[in-house]
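>>> would you be able to build a 3D model of this:
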Amino acid sequence: MQESDENTILIGIDEAGVGPLLGPLVISATAFSIPRQLLKADLWQKFSDSVRKSKKSLAGRILITDSKKALGAKTSANPKKHLEKAVLASLLSLGKTPATTKQLLSELFPNCLPRLNNYDWYGKNLDCKLRHNADEISICSQAFADSMAKNQTSMLLMKSVCLDVAYYNEMIEKVRNKSTVIFSALCGLIYDILKNIKNQNYQFVIDRQGGRTKYTQPLRKMFPEMSLKVITEEKNISSYELTDSQRTIRLHFLVKADSKQLPVSLASMVSKFVRELLMDCINRYFTSQCDGLKPTAGYWTDGTRFVEELNSRAGHIEYDRNRLIRSR
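Below is the predicted model:
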(Lines give C-alpha, C1' and ligand atoms only; values in the text may rest on other atoms or scores of the structure.)
Protein backbone atom coordinates (compact mmCIF):
# COMPACT_ATOMS: atom_id res chain seq x y z
CA MET A 1 0.00 0.00 0.00
CA GLN A 2 1.60 3.25 -1.14
CA GLU A 3 0.63 6.67 0.22
CA SER A 4 1.62 10.18 -0.79
CA ASP A 5 4.42 11.79 1.19
CA GLU A 6 2.48 15.06 1.29
CA ASN A 7 0.40 13.81 4.20
CA THR A 8 1.50 12.38 7.51
CA ILE A 9 0.38 8.89 8.48
CA LEU A 10 -1.43 9.13 11.82
CA ILE A 11 -1.82 5.81 13.63
CA GLY A 12 -3.78 5.16 16.80
CA ILE A 13 -3.15 2.00 18.84
CA ASP A 14 -5.04 0.60 21.82
CA GLU A 15 -5.81 -2.74 23.42
CA ALA A 16 -8.58 -4.62 25.18
CA GLY A 17 -8.15 -7.39 27.72
CA VAL A 18 -4.91 -6.71 29.59
CA GLY A 19 -6.36 -7.60 33.00
CA PRO A 20 -8.83 -10.49 32.53
CA LEU A 21 -8.40 -14.09 33.63
CA LEU A 22 -10.18 -15.53 30.58
CA GLY A 23 -10.21 -14.74 26.89
CA PRO A 24 -7.78 -13.08 24.50
CA LEU A 25 -5.78 -9.88 24.69
CA VAL A 26 -6.34 -7.85 21.52
CA ILE A 27 -4.24 -4.92 20.28
CA SER A 28 -5.51 -2.91 17.32
CA ALA A 29 -4.38 -0.05 15.12
CA THR A 30 -6.15 2.35 12.79
CA ALA A 31 -4.16 4.39 10.29
CA PHE A 32 -5.13 7.61 8.52
CA SER A 33 -3.45 9.78 5.91
CA ILE A 34 -3.88 13.31 7.21
CA PRO A 35 -2.61 16.79 6.28
CA ARG A 36 0.13 17.88 8.65
CA GLN A 37 -1.81 20.99 9.68
CA LEU A 38 -4.54 18.74 11.11
CA LEU A 39 -2.26 16.67 13.34
CA LYS A 40 -3.15 18.73 16.40
CA ALA A 41 -6.76 19.31 15.39
CA ASP A 42 -9.80 17.79 17.08
CA LEU A 43 -10.82 15.18 14.51
CA TRP A 44 -14.20 14.71 16.20
CA GLN A 45 -14.90 18.33 15.36
CA LYS A 46 -13.47 18.06 11.84
CA PHE A 47 -15.55 14.94 11.14
CA SER A 48 -18.64 16.16 13.01
CA ASP A 49 -20.87 15.52 9.98
CA SER A 50 -20.43 11.79 10.51
CA VAL A 51 -19.05 11.02 13.99
CA ARG A 52 -19.74 11.82 17.62
CA LYS A 53 -17.76 11.31 20.81
CA SER A 54 -20.82 10.69 23.01
CA LYS A 55 -24.13 8.92 22.58
CA LYS A 56 -26.05 12.20 22.76
CA SER A 57 -27.38 13.52 19.45
CA LEU A 58 -25.93 10.73 17.35
CA ALA A 59 -28.68 11.10 14.72
CA GLY A 60 -27.25 8.44 12.42
CA ARG A 61 -23.63 9.34 13.06
CA ILE A 62 -20.99 6.84 14.16
CA LEU A 63 -20.05 6.79 17.84
CA ILE A 64 -16.25 6.79 18.15
CA THR A 65 -15.16 6.92 21.77
CA ASP A 66 -13.45 5.01 24.56
CA SER A 67 -14.70 1.44 24.03
CA LYS A 68 -15.83 1.11 27.66
CA LYS A 69 -18.27 3.97 27.05
CA ALA A 70 -19.40 2.54 23.72
CA LEU A 71 -20.32 -0.88 25.11
CA GLY A 72 -23.96 -0.99 26.17
CA ALA A 73 -25.56 -2.78 29.10
CA LYS A 74 -25.43 -6.57 28.92
CA THR A 75 -29.22 -6.61 29.33
CA SER A 76 -29.79 -4.62 26.13
CA ALA A 77 -30.78 -6.36 22.89
CA ASN A 78 -27.38 -5.73 21.29
CA PRO A 79 -24.83 -4.29 23.74
CA LYS A 80 -22.15 -4.29 21.05
CA LYS A 81 -24.16 -2.27 18.51
CA HIS A 82 -22.02 0.89 18.71
CA LEU A 83 -18.78 -1.10 18.56
CA GLU A 84 -20.06 -3.08 15.60
CA LYS A 85 -21.32 -0.01 13.75
CA ALA A 86 -18.03 1.88 14.12
CA VAL A 87 -15.87 -1.09 13.14
CA LEU A 88 -17.96 -2.24 10.17
CA ALA A 89 -18.57 1.28 8.80
CA SER A 90 -14.82 1.98 8.98
CA LEU A 91 -13.98 -1.33 7.30
CA LEU A 92 -16.49 -0.60 4.56
CA SER A 93 -14.61 2.64 3.82
CA LEU A 94 -11.66 0.32 3.11
CA GLY A 95 -13.80 -1.85 0.82
CA LYS A 96 -14.17 -4.64 3.40
CA THR A 97 -17.58 -6.23 4.07
CA PRO A 98 -17.28 -9.07 6.62
CA ALA A 99 -20.59 -10.78 7.45
CA THR A 100 -19.42 -13.29 10.08
CA THR A 101 -17.01 -13.29 13.01
CA LYS A 102 -14.56 -15.43 11.03
CA GLN A 103 -14.64 -13.06 8.06
CA LEU A 104 -14.03 -10.11 10.37
CA LEU A 105 -11.05 -11.84 11.97
CA SER A 106 -9.73 -12.76 8.52
CA GLU A 107 -9.65 -9.06 7.65
CA LEU A 108 -8.05 -7.94 10.91
CA PHE A 109 -5.55 -10.69 11.76
CA PRO A 110 -5.56 -13.65 9.33
CA ASN A 111 -2.31 -15.06 10.76
CA CYS A 112 -3.97 -15.71 14.13
CA LEU A 113 -6.89 -17.72 12.76
CA PRO A 114 -5.03 -21.08 12.57
CA ARG A 115 -4.38 -20.84 16.33
CA LEU A 116 -8.03 -20.08 17.08
CA ASN A 117 -9.11 -23.11 15.05
CA ASN A 118 -7.36 -25.30 17.64
CA TYR A 119 -9.86 -24.24 20.32
CA ASP A 120 -13.06 -26.26 20.84
CA TRP A 121 -15.03 -23.13 21.74
CA TYR A 122 -14.11 -21.15 18.66
CA GLY A 123 -14.43 -23.48 15.67
CA LYS A 124 -18.00 -23.36 14.33
CA ASN A 125 -18.90 -20.48 16.63
CA LEU A 126 -16.72 -18.23 14.46
CA ASP A 127 -19.27 -18.70 11.67
CA CYS A 128 -21.88 -16.70 13.61
CA LYS A 129 -23.28 -13.79 11.61
CA LEU A 130 -22.66 -10.24 12.72
CA ARG A 131 -25.82 -8.40 13.76
CA HIS A 132 -25.52 -5.25 11.69
CA ASN A 133 -27.98 -3.49 9.40
CA ALA A 134 -26.22 -3.38 6.04
CA ASP A 135 -28.08 -0.29 4.80
CA GLU A 136 -27.30 1.66 7.98
CA ILE A 137 -23.64 0.66 7.83
CA SER A 138 -23.45 1.76 4.19
CA ILE A 139 -24.98 5.18 4.89
CA CYS A 140 -22.72 5.80 7.91
CA SER A 141 -19.63 4.63 6.06
CA GLN A 142 -20.31 6.97 3.14
CA ALA A 143 -20.87 9.91 5.51
CA PHE A 144 -17.59 9.10 7.29
CA ALA A 145 -15.74 8.88 3.96
CA ASP A 146 -17.23 12.20 2.87
CA SER A 147 -16.13 13.88 6.13
CA MET A 148 -12.61 12.60 5.66
CA ALA A 149 -12.47 13.62 2.00
CA LYS A 150 -13.64 17.14 2.89
CA ASN A 151 -10.60 17.36 5.19
CA GLN A 152 -8.17 15.77 2.70
CA THR A 153 -7.96 12.75 4.97
CA SER A 154 -8.39 9.07 4.23
CA MET A 155 -8.42 5.88 6.23
CA LEU A 156 -5.71 3.46 5.13
CA LEU A 157 -5.70 0.49 7.43
CA MET A 158 -7.30 -1.32 10.35
CA LYS A 159 -5.34 -4.20 11.87
CA SER A 160 -5.22 -6.24 15.06
CA VAL A 161 -3.04 -8.69 16.92
CA CYS A 162 -4.80 -11.36 18.95
CA LEU A 163 -2.98 -13.01 21.85
CA ASP A 164 -5.19 -16.03 22.44
CA VAL A 165 -4.79 -17.63 25.86
CA ALA A 166 -2.56 -20.58 24.88
CA TYR A 167 -0.25 -18.31 22.87
CA TYR A 168 -0.25 -15.70 25.63
CA ASN A 169 0.66 -18.34 28.24
CA GLU A 170 3.43 -19.65 25.98
CA MET A 171 4.92 -16.17 25.65
CA ILE A 172 4.68 -15.56 29.40
CA GLU A 173 6.48 -18.84 30.03
CA LYS A 174 9.31 -17.75 27.74
CA VAL A 175 9.94 -14.23 29.02
CA ARG A 176 8.30 -14.29 32.51
CA ASN A 177 7.11 -10.72 32.09
CA LYS A 178 3.62 -9.60 31.07
CA SER A 179 4.60 -6.09 29.96
CA THR A 180 7.34 -7.51 27.70
CA VAL A 181 4.84 -9.83 26.02
CA ILE A 182 2.44 -6.94 25.38
CA PHE A 183 5.17 -4.58 24.13
CA SER A 184 6.50 -7.26 21.78
CA ALA A 185 3.03 -7.70 20.29
CA LEU A 186 2.74 -3.92 19.95
CA CYS A 187 6.08 -3.77 18.15
CA GLY A 188 4.94 -6.48 15.73
CA LEU A 189 1.89 -4.41 14.88
CA ILE A 190 4.01 -1.28 14.33
CA TYR A 191 6.37 -3.19 12.04
CA ASP A 192 3.43 -4.50 10.04
CA ILE A 193 2.05 -0.98 9.55
CA LEU A 194 5.42 0.40 8.45
CA LYS A 195 5.75 -2.47 5.98
CA ASN A 196 2.30 -1.91 4.48
CA ILE A 197 2.21 1.90 4.37
CA LYS A 198 5.19 3.63 2.76
CA ASN A 199 5.67 7.28 3.67
CA GLN A 200 8.24 9.76 4.95
CA ASN A 201 6.40 10.84 8.10
CA TYR A 202 4.53 8.78 10.71
CA GLN A 203 2.89 9.73 14.00
CA PHE A 204 1.96 6.85 16.32
CA VAL A 205 -0.29 7.65 19.28
CA ILE A 206 -0.42 4.73 21.69
CA ASP A 207 -2.61 4.46 24.76
CA ARG A 208 -0.23 4.12 27.70
CA GLN A 209 -0.96 1.55 30.37
CA GLY A 210 0.52 1.63 33.85
CA GLY A 211 3.07 4.07 35.23
CA ARG A 212 5.92 3.49 32.82
CA THR A 213 7.34 6.73 31.40
CA LYS A 214 10.61 5.61 29.76
CA TYR A 215 10.67 3.65 26.49
CA THR A 216 14.17 4.45 25.22
CA GLN A 217 15.64 0.99 25.76
CA PRO A 218 12.88 -1.08 24.09
CA LEU A 219 12.68 1.37 21.18
CA ARG A 220 16.45 1.09 20.58
CA LYS A 221 16.03 -2.69 20.45
CA MET A 222 13.09 -2.33 18.10
CA PHE A 223 14.77 0.14 15.70
CA PRO A 224 18.53 -0.40 16.13
CA GLU A 225 19.27 1.08 12.68
CA MET A 226 17.53 4.42 13.37
CA SER A 227 18.58 7.50 15.33
CA LEU A 228 16.52 7.94 18.48
CA LYS A 229 15.67 11.28 20.09
CA VAL A 230 13.73 11.70 23.33
CA ILE A 231 11.20 14.51 22.89
CA THR A 232 9.66 14.28 26.34
CA GLU A 233 9.20 11.82 29.20
CA GLU A 234 6.57 13.16 31.54
CA LYS A 235 3.83 11.86 33.82
CA ASN A 236 1.13 11.81 31.13
CA ILE A 237 3.08 11.52 27.89
CA SER A 238 6.33 10.04 26.60
CA SER A 239 7.32 11.04 23.06
CA TYR A 240 10.19 9.91 20.83
CA GLU A 241 11.46 10.58 17.33
CA LEU A 242 13.15 7.95 15.18
CA THR A 243 14.88 8.99 11.96
CA ASP A 244 16.86 7.52 9.09
CA SER A 245 17.57 8.67 5.55
CA GLN A 246 14.06 7.79 4.34
CA ARG A 247 11.57 8.50 7.13
CA THR A 248 10.74 10.13 10.42
CA ILE A 249 8.68 8.23 12.97
CA ARG A 250 7.25 9.89 16.06
CA LEU A 251 5.78 7.74 18.80
CA HIS A 252 3.66 9.20 21.61
CA PHE A 253 2.72 7.02 24.59
CA LEU A 254 -0.19 9.00 25.98
CA VAL A 255 -2.24 8.42 29.14
CA LYS A 256 -5.96 8.12 28.30
CA ALA A 257 -5.23 8.49 24.59
CA ASP A 258 -8.45 6.60 23.83
CA SER A 259 -10.43 9.63 25.02
CA LYS A 260 -8.17 12.26 23.40
CA GLN A 261 -7.38 11.01 19.89
CA LEU A 262 -10.01 9.71 17.45
CA PRO A 263 -7.73 7.10 15.80
CA VAL A 264 -6.93 5.66 19.24
CA SER A 265 -10.62 5.62 20.22
CA LEU A 266 -11.44 3.72 17.05
CA ALA A 267 -8.60 1.27 17.71
CA SER A 268 -9.97 0.81 21.23
CA MET A 269 -13.39 -0.04 19.78
CA VAL A 270 -11.90 -2.54 17.33
CA SER A 271 -10.02 -4.34 20.11
CA LYS A 272 -13.06 -4.40 22.37
CA PHE A 273 -15.38 -5.62 19.63
CA VAL A 274 -13.05 -8.49 18.69
CA ARG A 275 -12.58 -9.52 22.32
CA GLU A 276 -16.34 -9.39 22.97
CA LEU A 277 -17.03 -11.59 19.94
CA LEU A 278 -14.47 -14.15 21.07
CA MET A 279 -15.85 -14.10 24.62
CA ASP A 280 -19.29 -14.77 23.09
CA CYS A 281 -17.83 -17.93 21.55
CA ILE A 282 -16.50 -19.09 24.92
CA ASN A 283 -19.80 -18.41 26.67
CA ARG A 284 -21.86 -20.02 23.92
CA TYR A 285 -19.75 -23.18 24.00
CA PHE A 286 -19.85 -23.75 27.75
CA THR A 287 -23.35 -22.50 28.61
CA SER A 288 -24.85 -24.69 25.87
CA GLN A 289 -23.49 -27.73 27.71
CA CYS A 290 -24.26 -26.67 31.27
CA ASP A 291 -27.75 -25.49 32.26
CA GLY A 292 -27.67 -22.51 34.58
CA LEU A 293 -24.04 -21.57 33.94
CA LYS A 294 -23.96 -17.79 33.72
CA PRO A 295 -21.86 -16.15 30.99
CA THR A 296 -18.77 -14.16 31.93
CA ALA A 297 -16.90 -11.16 30.59
CA GLY A 298 -13.72 -12.91 31.74
CA TYR A 299 -12.45 -10.34 34.23
CA TRP A 300 -10.70 -11.68 37.28
CA THR A 301 -13.43 -11.94 39.91
CA ASP A 302 -16.21 -13.11 37.62
CA GLY A 303 -13.80 -15.21 35.57
CA THR A 304 -12.85 -17.05 38.76
CA ARG A 305 -16.55 -17.55 39.51
CA PHE A 306 -17.09 -18.93 36.01
CA VAL A 307 -14.23 -21.45 36.30
CA GLU A 308 -15.31 -22.59 39.77
CA GLU A 309 -18.90 -22.99 38.61
CA LEU A 310 -17.76 -24.80 35.50
CA ASN A 311 -15.69 -27.25 37.56
CA SER A 312 -18.39 -27.88 40.16
CA ARG A 313 -21.42 -28.09 37.88
CA ALA A 314 -20.05 -29.31 34.58
CA GLY A 315 -17.51 -32.00 35.30
CA HIS A 316 -18.60 -33.73 32.10
CA ILE A 317 -17.09 -30.93 30.01
CA GLU A 318 -13.45 -31.59 29.27
CA TYR A 319 -11.29 -28.58 28.46
CA ASP A 320 -7.64 -27.60 28.35
CA ARG A 321 -7.02 -25.15 31.19
CA ASN A 322 -4.03 -23.73 29.33
CA ARG A 323 -6.36 -22.64 26.53
CA LEU A 324 -8.99 -21.14 28.82
CA ILE A 325 -7.18 -19.62 31.82
CA ARG A 326 -4.29 -17.16 31.69
CA SER A 327 -1.20 -17.90 33.73
CA ARG A 328 -1.03 -14.24 34.85
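>>> can you classify the closest residue to F223 other than its chain neighbours by secondary structure?
Closest residue to F223 apart from its sequence neighbours, by Cβ to Cβ, 6 or more residues apart in numbering: L242 at 5.2 Å. (C-beta placed from N, C-alpha, C; glycine too.) Using DSSP: H, G, I helix; E, B strand; the rest coil as the criterion, the local structure at L242 reads strand.
>>> please tell me I have it right and L242 contacts T216.
No - under the criterion of Cβ atoms under 8 Å, L242 makes no contact with T216, lying 11.0 Å away.
>>> now do the shared contacts for the two.
Common contacts of L242 and T216 (Cβ atoms under 8 Å, 6 or more residues apart in numbering): L228.
>>> these two: who's more crowded?
Using other Cβ atoms under 10 Å as the criterion, L242 and T216 rank with L242 on top: 20 against 13.
>>> just to revisit the earlier point, ok, what's across the strand from the residue nearest to F223?
Bridge pairing for L242 (DSSP bridges) gives the partners L228, I249.
>>> let me see the contact set for it.
Contacts for L242 were tallied using Cβ under 8 Å, 6+ apart; they are 219, 223, 226-229, 248-251.
>>> buried subset of the residues you listed?
Among the contacts of L242, the ones that count as buried by 16 or more other Cβ atoms under 10 Å are 219, 223, 226, 228, 248-251.
>>> need those residues in a markdown table (columns: pLDDT).
Converted to a markdown table, these look like this (pLDDT from 0 to 100):
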| residue | pLDDT |
| --- | --- |
| L219 | 94 |
| F223 | 92 |
| M226 | 96 |
| L228 | 97 |
| T248 | 97 |
| I249 | 97 |
| R250 | 97 |
| L251 | 97 |
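>>> from the residues you listed, which two are the most distant?
L219 and T248 (14.0 Å; Cβ to Cβ).
>>> which of the contacts of L242 sits closest to R328?
L219 (24.8 Å).
>>> and the closest one, how far is that from I206?
L219 sits 11 Å away from I206, taking Cβ to Cβ, to the nearest Å as the criterion.
>>> intersection of neighbour lists for those two?
The contact sets of L219 and I206 overlap at L251 (Cβ under 8 Å, 6+ apart).
>>> could the buried ones among the contacts of L242 go into JSON lines alongside distance to V18?
Shown next, in JSON lines, are the buried ones among the contacts of L242 (distance: Cβ to Cβ, whole Å):
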{"residue": "L219", "distance to V18": "20"}
{"residue": "F223", "distance to V18": "24"}
{"residue": "M226", "distance to V18": "28"}
{"residue": "L228", "distance to V18": "26"}
{"residue": "T248", "distance to V18": "30"}
{"residue": "I249", "distance to V18": "24"}
{"residue": "R250", "distance to V18": "24"}
{"residue": "L251", "distance to V18": "19"}
